[in-house]
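*Asks:* One predicted model, sequence on top.
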Amino acid sequence: MEGRVDPCWHIGGQTETYMYTPTVVELKEPALVQQVTQMARTQKRQPEDLVATAVRDYLEAQEEEAIHGETEAFWQQHEDLLARFPDQYVAMRQGQVVDHDHDVSHLEARVRTRFGLLPVLIAPVKPTPLREIRWRGGRIEHARVEVDD
């Protein structure tokens, strides 16, 4: 099976790549096809570009929602995480710790290999009220989150 290598995301100054095989997705709802075609014509765009933008926006919103949930899970489990993984970084997916390491770059590499483009929260486990949180995917490289005590 022939694939193509393309950049998939950028974090920490490095562009990572992945292999993919192009897939054709067919819209089977005539009304949806008509709506996409008309909107594309109105915007002077190709229908494929309009659909790609819509799918990209949808996936980004889903990713943001997932990371929000992971962030909530991180804070709910913070005391336990602090006891189990002090001064380490944890990777969380679906509310569970899926990996941890003292070296964030090693952790990010393993997470990238295991989960590809799926959203995974990577956060340092420290007792301080100000946290730096990184997440895989999307456009945000990292954010600082302040905790109210």
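*Replies:* Yes, it's here. Numbering: from 1, shown residues only.

*Asks:* for the chain, which spans come out with low pLDDT?
*Replies:* 1-20, 128-149 (pLDDT under 70).

*Asks:* where do the strands sit along it?
*Replies:* Taking DSSP state E as the test, the strands found in the chain are 4-11, 14-20, 89-93, 96-101, 120-124, 130-136, 142-146.

*Asks:* With just CA atoms, put the third one into PDB.
*Replies:* As requested, the backbone C-alpha atoms of strand 89-93 are provided in PDB (Å, rounded to 0.1, in the frame of the first residue of the first chain):
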ATOM      1  CA  TYR A  89       5.000  14.800  33.500                       C
ATOM      2  CA  VAL A  90       1.800  12.700  33.000                       C
ATOM      3  CA  ALA A  91       0.000  12.000  29.800                       C
ATOM      4  CA  MET A  92      -3.800  11.700  30.200                       C
ATOM      5  CA  ARG A  93      -6.300  10.400  27.800                       C
END
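
*Asks:* Each with direction, which strands does it pair with?
*Replies:* When sheet partners are counted by DSSP bridges, strand 89-93 sits next to strand 96-101 (antiparallel), strand 120-124 (antiparallel).

*Asks:* which residues in the chain form helices?
*Replies:* 30-42, 47-76, 78-84, 104-115 (DSSP state H).

*Asks:* okay, those, which one's buried deepest?
*Replies:* helix 104-115 (a mean of 16; mean count of other Cβ atoms under 10 Å). (Each C-beta comes from the backbone N, C-alpha and C, glycine too.)
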